[in-house]
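>>> with the input below, show me the fold.
(2 chains)
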Amino acid sequence: MLLGGPQGSGIETSMWILGRILVSKGFGVIADREYFSNITGRHSYIQMLVSSVKLPRSLRYPVEILASMDAETVFTHFTELSEGGILVYDVNISSKRIEEIPSMEDATRERIARVLAEKGVKTSVESVVEYLERDRRVLPLGLDFSSLLKALSEQYRIDSRAVSKFLSGVIVSSVAVVLGLDEDIVAAGFRQQFREREELVEQNTMLYRLVRSALSKHYGAVRLEEPRLAMEKVMVVTGNDVVAIGKIVAGVRYQSYYPITPAADESFLLEKYDNILGENGEVIGSVIVMQTEDEIAAVNSAIGAALTGVRSSTTTSGPGFDLMVEGLSWAGMNEVPIVITYYQRGGPSTGQPTRGSQSDLFNAIFAGHGEFARVVLSSGDHLDAFYDTIEAFNIAEKYQVPVIHLLDKFLANTVTVMTIPDVERVRIERGVLTRGGPGYKRFSLESLISPRAFIGGKDTVMWYTGDEHDEYGHIVEDPEVRARMYSKRIEKLSLILRDLPMDRKLRLHGPSSPDYLIIGWGSVKGVVLDAVEYFSEKGLKMSYLDLKLLWPFPSEDFLRITNGIPDSNILAVEHSYGVNIAELVAMNTGRRIVKRVSKYTGRPITLDELIHGLEEIVSGKKERVVLSRGA
Amino acid sequence: MEPRKGYKSNVWPDWCPGCGNFGILTALYKALEELNLDPSETVIVSGIGCSGKTPHFVNVNGVHTLHGRAIPFATGIKLSNPGLKVIVHGGDGDLLGIGAGHFVALGRRNIDLTVILHDNGVYGLTKGQASPTLPLKVKTKSLAKPNIQQPVNPVLLALSSGYTFVARGYAFDGMHLKNLIKMAVQHRGASFIDVLQPCVTFNDVYTADFYRKAVYKLDGDPGWDPVVKTPEEAGIKLLRAIEKSLEWGDRIPIGVFYVNPHVSAFEDRLGERLKGYPSINPSNMVIEMDGKPVFTQALFEKVFRDFIVKVSSRREG
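Coordinates of the predicted model:
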């Protein structure tokens, strides 16, 4: 389904309420949030997929239900509504014409107007509704939003200017009625959302009754199958949430950030949970969440915190990461374990601040002057992101390197059902530590990993410098010491590749000698796995290789896994123009993958378009496919 | 009192002979000795430039960071382990040029850090370009043409940014500077000392000779009292300090301009958020036991219960 309305009108609230209701009924849910860089008024929407058989991991068009708060939603998405689908709309906007929507961008308006003209449909909402009903067998459910809200405001004496906050209730109620969800469960959903604000629960529940009576003939118009997922309790989280939760479990006690979309929500959550309480309400830890004056201060204060032995991190997106790069180089030079959580968004420059992208792969791997060891990790889904967050700190501390956890806006903002992580399985590995003492050498050359003492350790003094340094941390320019220190820092990369178990580096999903192998990383995982499943059902042997450790690149493992699969049968998928993972593979392994699926509109790859794109490549029609679905 | 540790490291200070930095370093050694600070609980954080090398010459923890970024590093160190005494050394280009944003932010926060500005009016290590404190139209010998940028007034900037201890010293008045450093380190909150420092190689205008004649001590005036006694007095004392900070030229005041102990330190503000802080702080928290996190499965599900949805038993009835 797709829920749309102006930014700030409660579309996201509708998503949370509906999502939790459906999950509590036993359904699997995934939802993507699409919005402008705007506080109020621009078009935002939620695309949500509900499954009775599995935990969904991708989205697809067309949608069965389009629930709209406004005319812009109807115009923007009517072509994505499936034949025989359901349209919920406000009858008060029937006469609204596309020319009368100031929030719509000219390019969008013109494109939609062209589509309407081709279909011979006039540019008003009622004409679109008529077209959908006549040509697409859509069931239009017109609701009189203002009468509903008026009835509500009269009954509860709500100021008429304040009723707009119930728009989300209209959307939730209408979708719930269409799906045949009864009052008890819907009220429980409102209660979970609004918590102590009992009056809001009551008022929204009243709204549900009003909507239900208005749509009484259509109660349960869309029959959901009885859910068949075996789950008792699950988590409903965004990617930002799950990373923040992972950090708390990992033992992060200092997090710095400068506000940036789509990273800031992670720090918000950490701040909310900054006092960690034990079983009996006692404090078992707390997290300093430091909003700094810029990203430069963010990364450098996190480095400072790490020098005192604290697990510390900072979180950002592309523009902020660019500012952090000098600090990253310092951390590399001084072998400081810090973690930078990097949520990619559309670039270059400010680009598309609220849209998704995987175009910063090379930035994460190569940014920074000089040669030094760093680790770049990616996560394919929310549960991976939880474990990988903790793993990022283990790697950082064991090898004394900066780690970049490379995620993106899609994962950050996607709400999904996730099995509860197995916390007992989690390990905290802090690496080689020492108490130090007199004569301590922070950069001892006796081993590749010098035992680490912390600033503040008893009777211990140490020095750090961004200059080349001796074992004590004092500046040195002697060529021999330079060479030994330099190679010590870089050779850790080989150690990391040797030490890390295979499944932390890359994971093969599907048969080991497939007809076609898809490679990718990060948030394409879900949609690629669904496509692989689709093709497997069609009898094509297909597998997905999820590259988790992006740097140092696990070349040997990659070559072993792809041995016997010709280059021509390997395809790469990425949310970027270049599909740069294929270049990274070529650079590290010499294998040249020319077949690529690319998408750079800022919207997530949907299953339907990916299947279509892969078919075009597999059938030999094309080598490169560029996807573009989604408004 | 006998100094319990030698504060001099065995690294040779490679500054030019006659550099004002020697005066500052000597005053620092003396201050550390007299304060009897434990080297393992003391940290000197520096930026880039001649002054950036300071930590290597002192036998306490030293962190020689990036150009302009000493304050952010110091912030992370201090907040994570508030038991440490953290002193920042930076030049005028470092703290007031490339790092000016951080300099202002520290004042807003009033973190218990001490910032010592090595203020020589030039970028020495890159051969004497004009720095943010070099006055307009001044032409030092290393400049091809007179300076066309106005200077920033470090004392005034510190006062207006919210530093709660603001002073100025002179590199070659060692006893006076030592006392300022001691007061600044003992002050709880963001403290700042602008140290006038001759650069013998590149600044032939603001020389030792010039400063010797120009500087005078604020406490030479028995009526000068920079300490805010009650919160109500803060405004008037601040105005007086600002007025004093504008004096420059033939007569340059040194000494303490302003002390306000009534503003909460950032550590106190954090303590209102985080239970037990600063005595319980990131550097002394337990985060693992036998390689496991401090969370049991049950505790995890309790702490993050807001994210957990129970699935109602299906097909009831």
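>>> going forward, measure contacts between C-alpha atoms and count neighbours the same way
Will do.
>>> so A:I395, which state does it fall into?
Under the three-state scheme (DSSP: H, G, I helix; E, B strand; the rest coil), the conformation of A:I395 reads as helix.
>>> next structured bit after the helix or strand containing A:V170?
Per DSSP states H and E: A:V170 is located in helix A:167-178. The first helix or strand that comes after helix A:167-178 along the chain, using DSSP H and E, is helix A:183-194.
>>> contact partners of that following helix?
Helix A:183-194 is contacted from outside by A:13, A:16-18, A:20-21, A:173, A:176, A:198, A:200-202, A:204-205, A:208-209, using CA atoms under 8 Å, 6 or more residues apart in numbering or on different chains.
>>> one more time with 6 Å
A:I17, A:I21, A:V201, A:T205 (CA atoms under 6 Å, 6 or more residues apart in numbering or on different chains).
>>> could I get the buried residue list for it?
In terms of neighbour count (16 or more other CA atoms under 10 Å in any protein chain shown), helix A:183-194 has its buried residues at A:E183, A:I185, A:V186, A:A187, A:A188, A:G189, A:F190, A:R191, A:Q192, A:Q193, A:F194.
>>> give me the angle between it and helix A:167-178.
150 degrees (axes from the mean of the first three to the mean of the last three CA atoms, to 10 degrees).
>>> and the helix or strand that helix A:183-194 is followed by, C-alpha only, in PDB?
Going down the chain from helix A:183-194, the next helix or strand is helix A:198-214, by DSSP H and E. The C-alpha coordinates for helix A:198-214 follow below in PDB (Å, rounded to 0.1, in the frame of the first residue of the first chain):
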ATOM      1  CA  GLU A 198      -5.600   8.700  26.600                       C
ATOM      2  CA  GLU A 199      -7.800  11.500  25.100                       C
ATOM      3  CA  LEU A 200      -6.000  11.100  21.800                       C
ATOM      4  CA  VAL A 201      -6.600   7.300  21.900                       C
ATOM      5  CA  GLU A 202     -10.300   7.900  22.600                       C
ATOM      6  CA  GLN A 203     -10.700  10.500  19.900                       C
ATOM      7  CA  ASN A 204      -8.900   8.600  17.300                       C
ATOM      8  CA  THR A 205     -10.900   5.500  18.100                       C
ATOM      9  CA  MET A 206     -14.100   7.600  17.700                       C
ATOM     10  CA  LEU A 207     -12.700   8.600  14.300                       C
ATOM     11  CA  TYR A 208     -12.300   4.900  13.400                       C
ATOM     12  CA  ARG A 209     -16.000   4.400  14.200                       C
ATOM     13  CA  LEU A 210     -17.000   7.300  12.100                       C
ATOM     14  CA  VAL A 211     -14.900   6.100   9.200                       C
ATOM     15  CA  ARG A 212     -16.100   2.600   9.600                       C
ATOM     16  CA  SER A 213     -19.700   3.600   9.400                       C
ATOM     17  CA  ALA A 214     -18.900   5.700   6.300                       C
END
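>>> hang on, the earlier thing: tabulate the contacts of helix A:183-194 (a markdown table), appending distance to A:D384 and neighbour count.
Compiled in a markdown table, the contacts of helix A:183-194 are given as follows (distance: CA to CA, whole Å; neighbours: other CA atoms under 10 Å in any protein chain shown):
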| residue | distance to A:D384 | neighbour count |
| --- | --- | --- |
| A:I17 | 25 | 23 |
| A:I21 | 25 | 24 |
| A:V201 | 35 | 22 |
| A:T205 | 37 | 22 |
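>>> with these in mind, which one is nearest to chain B?
Taking CA to the nearest CA as the measure, chain B lies nearest A:I21 of the contacts of helix A:183-194, at 9.1 Å.
>>> part of a helix, is that closest one?
Yes: the secondary structure assignment for A:I21 places it in a helix, going by three-state DSSP.
>>> A:S216 versus the closest residue to it other than its chain neighbours, what's the distance?
For A:I21, ignoring the flanking residues on the chain, the nearest one in space by CA to CA, 6 or more residues apart in numbering or on different chains is A:G189 at 5.3 Å. With distances defined as CA to CA, to the nearest Å, the gap from A:G189 to A:S216 amounts to 21 Å.
>>> for B:F210, the count of nearby residues, please.
Applying other CA atoms under 10 Å in any protein chain shown, we find 14 other residues in the vicinity of B:F210.
>>> pLDDT score assigned to it?
The predicted local confidence for B:F210 comes out at a pLDDT of 97.
>>> distance of it from B:Y170?
The separation that B:F210 has from B:Y170, given CA to CA, amounts to 12 Å.
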